[in-house]
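Participant: Fold the following for me, if possible:
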Amino acid sequence: MEIIQVGKTTDSYEFWDLLDRVWAKFLYICLRFQSSYIRRTVMCTRKLTVVISILTAGFCGCATTPKVPAGRSQGEMALAFSASLILPKEILRGPNYQIAERVPVEEYQYAFTVNSDFGTITAQGRDMLYLRLRELKSIEAAQELSKDPLLVDGILTPLKDTEKGLKLIITEPFEILERAPKGFDLMVNQYIDPADRRAGSPDRRKLATELDCDPETANPVLKKLLDEMTLELFGGGLLTQAAMSFIPGLSVPATTVQMKEMIAKSPPSAINNEIDGELEAAGVEKSIRSRFHYSTAFTTMQRLQLIDQFRALDGIQNRAALIESAAQAYTEVGALCCIREGMLLVDIRARKPIRQLKFIGLPLAVLDNGTYVLVCPYDYVTNTREVVDSLGEYRASNPDVTTVLVTAGRVSPAARKTIESADISIVEEGTPDW
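Facilitator: Here you go, the predicted model:
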């Protein structure tokens, strides 16, 4: 099935805004009831082929998105790597986890398996892996910094080596972990902003910032720990003043002191409203703002991280393309990819003057010299049939455009041959040699 993106006029903004809200709510309800078909459909969005194929539309008011890849077997053998060869050695093992050595490639991302004290975790992509490791670090920090270690152990022990624990993360995206409230809980919670409900009370948000984790975390063990420890926090300080130590070797979006203070002091609904106001002042279209504002893929902390990248792109024509990309994310993996896109764009701007951004399924940077830079947040680009066909169509439609593909990860040898045969240069892992 092909999806047609129709250009919007000023007179139709409110209609599209309403439609976007209904669509977001529909997805939210479907995910709550754990429809396996809907989950598979949503998780298959934002593929690399969308990026390249939409280029063939010539950046007009409408674009056609091709079918997502049916499988990774098309055009190239299934691949697997060793974790010790693609990750810093400092993160392969920690006090409460060990990363499995075999790492297959799925949907252009490394698929990591983490064996932890609380079950087996899978993480699609390096950014998701880094998030899960930081969550495990927060759990470790709670044990180390608590004035009552026995209390923390009492919370964590029942969750260790159980079938649930962190194993929920393997098959259930973040939206499904928020179980639908029932009875009186539903009557109360329907009047509470979903982000406020996930983040909890001011004490819970403050505790989360002290443990350097997201109060809206989807991690069931960390959520339980925050809930139980917050009850004790009401009776006095629970944590010592020891500083949090970070996991070495991780390239992750910065969580600034200002962001933590905002999360601790203000409910997520207030912060999200401030973000929406800032985007409106920057000229971002209402329907795009609405989808981003109400997206269940992003936590409030992740929105703040993306907005930090958006601000760093000030002065670039149509920087709203970054938010347009974010508005298309329907999973936590997709949200993390958007933040990575922002980091790549800011890095590109530090090296090459950017004149304009376009949204073509993912952001496209137009440099001052006319070069088009495709921004790819994925770990490993493989040579699927869709990529081969899309590149051929792109070059047929844009024969004279100098094009560079900047990827956060690497490109397979077969994909490299295909991309270079289309006269597109490749920059792997954000290296500055171009």
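Participant: alpha carbons only for contacts and neighbour counts from here, please
Facilitator: Fine.
Participant: which stretches of the stretch 151-300 of the chain have low pLDDT?
Facilitator: When residues are selected by pLDDT under 70, those of the stretch 151-300 of the chain lie in 151, 158-192, 232-254.
Participant: Helices along that one, start to end?
Facilitator: Taking DSSP state H, counting those that start in this stretch, the helices of the stretch 151-300 of the chain run over residues 168-171, 174-177, 183-189, 194-199, 202-210, 220-233, 257-265, 268-281, 286-293, 300-312.
Participant: Any chance of CSV for these, columns distance to V346 and mean neighbour count?
Facilitator: Formatted as CSV, those follow (distance: least, C-alpha to C-alpha, whole Å; neighbours: other C-alpha atoms under 10 Å):
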stretch, distance to V346, mean neighbour count
helix 168-171, 31, 17
helix 174-177, 28, 20
helix 183-189, 39, 11
helix 194-199, 28, 19
helix 202-210, 26, 22
helix 220-233, 32, 19
helix 257-265, 19, 16
helix 268-281, 18, 16
helix 286-293, 20, 21
helix 300-312, 6, 21
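Participant: F81 falls within a helix, correct?
Facilitator: No: under DSSP: H, G, I helix; E, B strand; the rest coil, F81 falls outside any helix and is assigned strand.
Participant: could you dump the helices of the stretch 151-300 of the chain to a markdown table with distance to A320?
Facilitator: Output for the helices of the stretch 151-300 of the chain, formatted as a markdown table (distance: least, C-alpha to C-alpha, whole Å):
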| stretch | distance to A320 |
| --- | --- |
| helix 168-171 | 32 |
| helix 174-177 | 26 |
| helix 183-189 | 33 |
| helix 194-199 | 23 |
| helix 202-210 | 29 |
| helix 220-233 | 33 |
| helix 257-265 | 21 |
| helix 268-281 | 8 |
| helix 286-293 | 9 |
| helix 300-312 | 8 |
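Participant: Compare the ones you listed and give me the one nearest D400.
Facilitator: Minimum separation from D400 across the helices of the stretch 151-300 of the chain (C-alpha to C-alpha) falls at helix 300-312, 30.1 Å.
Participant: For that closest one, name the packing helices and strands.
Facilitator: Under the contact definition 3 or more C-alpha pairs under 8 Å, 6 or more residues apart in numbering; DSSP states H and E, helix 300-312 sits against helix 257-265, helix 268-281, helix 332-351.
Participant: wait, doesn't R340 sit right on P377?
Facilitator: Yes: taking C-alpha atoms under 8 Å as the definition, R340 is a contact partner of P377 at 5.8 Å.
Participant: any common contacting residues for the two?
Facilitator: A408 (C-alpha atoms under 8 Å, 6 or more residues apart in numbering).
Participant: neighbour-wise, which of these two wins?
Facilitator: P377 (29 against 24; other C-alpha atoms under 10 Å).
Participant: If we ignore the residues flanking it in sequence, what's nearest the more buried one?
Facilitator: Leaving aside its chain neighbours, P377 sits nearest to A408 (5.0 Å; criterion: C-alpha to C-alpha, 6 or more residues apart in numbering).
Participant: surely L304 meets Q258?
Facilitator: No: judged on C-alpha under 8 Å, L304 makes no contact with Q258 at a distance of 10.0 Å.
Participant: quick one: common contacting residues for the two?
Facilitator: Common neighbours of L304 and Q258 (C-alpha under 8 Å, 6+ apart) do not exist.
Participant: what does the longest strand that the chain contains rub up against?
Facilitator: Looking across the chain with DSSP state E, the single longest strand is strand 109-116. For strand 109-116, the external contacting residues (C-alpha under 8 Å, 6+ apart) are 96-100, 102-105, 120-126, 129, 378-381.
Participant: before we move on, what about stretch 97-107?
Facilitator: Stretch 97-107 has contacts (C-alpha under 8 Å, 6+ apart) with 47, 71-72, 78-84, 92-93, 110-117, 124, 136, 380.
Participant: Please check these and keep the buried ones.
Facilitator: 47, 72, 83-84, 110-117, 124, 136, 380 (16 or more other C-alpha atoms under 10 Å).
Participant: since we're on the closest residue to A80 other than its chain neighbours, how many residues are nearby?
Facilitator: Closest residue to A80 apart from its sequence neighbours, by C-alpha to C-alpha, 6+ apart: P104 at 3.9 Å. By the criterion of other C-alpha under 10 Å, P104 has 18 neighbours.
Participant: what's the answer for the one 3 residues further on, then?
Facilitator: The local packing of E107 (other C-alpha under 10 Å) involves 24 other residues.
Participant: Could you do T407 as well?
Facilitator: Neighbourhood size, T407 [other C-alpha under 10 Å]: 23.
Participant: what's the nearest residue to L306 if we skip its chain neighbours?
Facilitator: For L306, the spatially nearest residue (C-alpha to C-alpha, 6+ apart) is I339, at 5.3 Å.
Participant: Contact partners for the one you found?
Facilitator: With contact set as C-alpha under 8 Å, 6+ apart, I339 has these partners: P253, Q302, Q305, L306, Q309.
Participant: Same question for I307.
Facilitator: I275.
Participant: quick one: pLDDT of it?
Facilitator: For I307, the pLDDT comes out at 96.
Participant: Same question for G370.
Facilitator: pLDDT recorded at G370 is 94.
Participant: which stretches of the stretch 301-434 of the chain have low pLDDT?
Facilitator: 432-434.
Participant: Can you show me the helices along it?
Facilitator: Under DSSP H, counting those that start in this stretch, the stretch 301-434 of the chain gives helices at 321-326, 332-351, 385-397, 413-421.
Participant: As CSV, those helices with distance to T431 would be great.
Facilitator: Listed next are the helices of the stretch 301-434 of the chain as CSV, based on distance: least, C-alpha to C-alpha, whole Å:
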stretch, distance to T431
helix 321-326, 21
helix 332-351, 10
helix 385-397, 23
helix 413-421, 16
